[in-house]
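Colleague: I would like to see how this sequence folds:
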Amino acid sequence: MGGNSGTELKITEDGSHTLYAASFDECYHSSHGAVQESEHIFIRRGLLAVKKKSLNVLEIGFGTGLNAFLTLLEAQNLGISVHYTGVELFPVSVEQAMHLNYPDLISPRNKDLFQRLHAVPWGVEVEIEPGFRLLKINVDFQSFVPGKGFDVIYFDAFSPEKQPEMWTEERFRLLYESCSEEAVLTTYCSKGVVRRALQAVGFKVERLPGPPGKREILRACK
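Modeller: As a prediction, this is how the structure comes out:
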């Protein structure tokens with residue numbers, strides 16, 4: 001989720017870190033567990049739902065880099081290639097990212113890869129590992145114009161109450177048009193207004209069981 005420099009490190013219930021963004025009065029992840037939330041919503045319900053050997057992934061809200069790190073590790077595990085685009089207006093500083101405990105909890109031997117995800121420059125496509133290319137774009141989602149052919153979209157903006165402009169039909173229509181056939185979009189937000197906006201632009205939307213502490217999430221398919 002997007003944030004800004006006014007952030008504070010917090011521990012969630014599964015022992016993993018999140019950041020609290022004072023300007024939005026909201027945390028980047030669920031207080032019930034950052035890692036388990038990301039694995040459930042974006043990896044199991046998103047990435048693994050598309051059966052391709054080469055995937056084009058778009059994340060709206062690069063935030064802490066947790067979703068990108070989990071995607072990189074899963075791509076290695078599955079032997080697939082991933083082109084990953086992360087959009088973020090307020091990047092987490094490299095210094096602050098180095099305090100996040102995700103590598104220690106998930107894969108200590110790959111700590112250097114997590115560091116690289118944050119250290120590589122914005123606006124430049126970089127090969128993090130063979131088969132995993134990353135492009136981080138420092139831009140407001142309101143002015144972001146995506147390319148075509150995305151197979152998986154992680155929609156991880158702050159909540160509609162905090163960032164209503166991110167969750168509009170107009171923005172979802174742009175994403176729908178950027179998707180490949182049978183692409184999926186996953187998000188933690190299951191509000192009716194979001195579901196209806198996704199359906200209005202052409203997505204087939206299903207409610208799925210959420211991670212601990214959350215009853216439902218949404219997955220939209222093209």
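Colleague: Strands of this protein, start to end?
Modeller: 7-11, 17-21, 26-27, 54-60, 81-87, 126-129, 132-137, 150-155, 179-187, 204-209, 216-221 (DSSP state E).
Colleague: List the buried residues for stretch 124-142?
Modeller: Of the residues in stretch 124-142, 128, 131-137, 141 count as buried by neighbour count, 16 or more other CB atoms under 10 Å. The way it works is simple: take the backbone N, C-alpha and C, and place the C-beta from them, glycine included.
Colleague: what's the closest of the strands of the chain to residue 119?
Modeller: The closest of the strands of the chain to residue 119 is strand 126-129. By CB to CB, the value is 9.6 Å.
Colleague: which strands and helices sit next to that closest one?
Modeller: helix 66-78, helix 111-119, strand 132-137 (3 or more CB pairs under 8 Å, 6 or more residues apart in numbering; DSSP states H and E).
Colleague: ok, now how distant is residue 42 from residue 83?
Modeller: 16 Å (CB to CB, to the nearest Å).
Colleague: Counting neighbours, go ahead and name the busier of the two.
Modeller: residue 42 (28 against 18; other CB atoms under 10 Å).
Colleague: Tell me the predicted confidence for residue 6.
Modeller: Predicted confidence (pLDDT) for residue 6: 77.
Colleague: In this structure it contacts residue 22, no?
Modeller: Yes - the criterion here is CB atoms under 8 Å, and residue 6 meets it with residue 22 at 4.2 Å.
Colleague: Tell me the pLDDT of residue 45.
Modeller: For residue 45, the model assigns a pLDDT of 98.
Colleague: and stretch 189-196, what's its mean pLDDT?
Modeller: 97.
Colleague: now what about it, what contacts it?
Modeller: By CB atoms under 8 Å, 6 or more residues apart in numbering, the residues outside stretch 189-196 that reach it are 155, 159-160, 167, 187, 205, 207, 210, 214-218.
Colleague: Can you select the buried ones among the residues you listed for me in ChimeraX?
Modeller: Filtering the contacts of stretch 189-196 down to the buried ones (16+ other CB under 10 Å) takes a single ChimeraX command:
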select :155,159,160,167,187,205,210,214,217,218
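Colleague: and of the strands of the chain, who's closest to residue 99?
Modeller: Between the strands of the chain, strand 7-11 lies closest to residue 99; by CB to CB that is 6.0 Å.
Colleague: ok, residues contacting that closest one?
Modeller: Contacts of strand 7-11 with the rest of the structure, by CB under 8 Å, 6+ apart, involve 17-22, 27, 31, 92, 96, 99-100.
Colleague: quick one: residue 151 from residue 130, how far?
Modeller: Residue 151 sits 20 Å away from residue 130, going by CB to CB.
Colleague: got it, and residue 118?
Modeller: Taking CB to CB, one finds residue 118 at 20 Å from residue 130.
Colleague: Narrow the contacts of strand 7-11 to just the buried residues.
Modeller: The neighbour-count criterion (16+ other CB under 10 Å) marks 17-21, 27, 92, 96, 100 among the contacts of strand 7-11 as buried.
Colleague: possible to save the residues you listed as TSV with pLDDT?
Modeller: Shown next, in TSV, are the buried ones among the contacts of strand 7-11 (pLDDT from 0 to 100):
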residue	pLDDT
17	97
18	96
19	96
20	94
21	92
27	93
92	94
96	94
100	98
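Colleague: how many other residues sit next to the nearest residue to residue 107 once chain neighbours are set aside?
Modeller: Excluding its sequence neighbours, the residue lying closest to residue 107 (CB to CB, 6 or more residues apart in numbering) is residue 73, at 5.8 Å. Using other CB under 10 Å, residue 73 has 19 neighbouring residues.
Colleague: I am finished for the moment; much appreciated.
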